[in-house]
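Enquirer: Have a look at this fold, sequence not included:
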């Protein structure tokens with residue numbers, strides 16, 4: 001199965017686009033999270049949910065805990 005992600009900058013065309021795509025056989029429209037993984041990572045960083053290791057050993061100990 002192939003997945004294509006489309007970013008819409010003009011929300012006024014969204015309903016028409018969904019209607020058009022749904023007429024094709026084999027196309028399924030899936031509502032995705034409003035936040036991408038990158039956006040979630042940035043939000044985590046701003047919230048202080050991060051870890052800074054002073055060495056590789058410290059990082060590995062943190063990851064294995």
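Expert: That came through, no problem. All values derive from a computational prediction rather than experimental measurement. Numbering: from 1, shown residues only.

Enquirer: next SSE after the one helix or strand in the chain whose mean pLDDT sits lowest?
Expert: When each helix and strand of the chain is scored by mean pLDDT, DSSP states H and E, helix 37-47 comes last, with a mean of 85. Using DSSP states H and E, the helix or strand that follows helix 37-47 in sequence is helix 56-64.

Enquirer: For that next one, buried residues please.
Expert: By neighbour count on 16 or more other Cβ atoms under 10 Å, the buried set for helix 56-64 is empty. Where C-beta positions appear, they are placed from N, C-alpha and C, glycine not excepted.

Enquirer: what sits against the residue of the chain positioned farthest from its centre?
Expert: No residue in the chain sits farther from the centre than residue 57, which is 30.4 Å out by Cα atoms, centre = their mean. By Cβ atoms under 8 Å, 6 or more residues apart in numbering, residue 57 lies in contact with nothing.

Enquirer: can you check residue 39 too?
Expert: Contacts of residue 39 by Cβ under 8 Å, 6+ apart: none found.

Enquirer: Tell me where the chain is predicted with low confidence.
Expert: 32-35 (pLDDT under 70).

Enquirer: Geometric centre of it: which residue is closest?
Expert: Closest-to-mean residue, the chain, Cα atoms, centre = their mean: residue 36 / 2.4 Å.

Enquirer: Quick check: that one vs residue 43, distance?
Expert: 11 Å (Cβ to Cβ, to the nearest Å).

Enquirer: do residue 56 as well
Expert: Going from residue 56 to residue 43 by Cβ to Cβ gives 27 Å.

Enquirer: Also residue 14?
Expert: Applying Cβ to Cβ to residue 14 and residue 43 gives a distance of 24 Å.

Enquirer: same question, residue 7
Expert: Taking Cβ to Cβ, one finds residue 7 at 19 Å from residue 43.

Enquirer: Looking at these two, which is more packed in?
Expert: Ranked by neighbour count (other Cβ atoms under 10 Å), residue 7 and residue 43 place residue 43 first, with 11 against 5.
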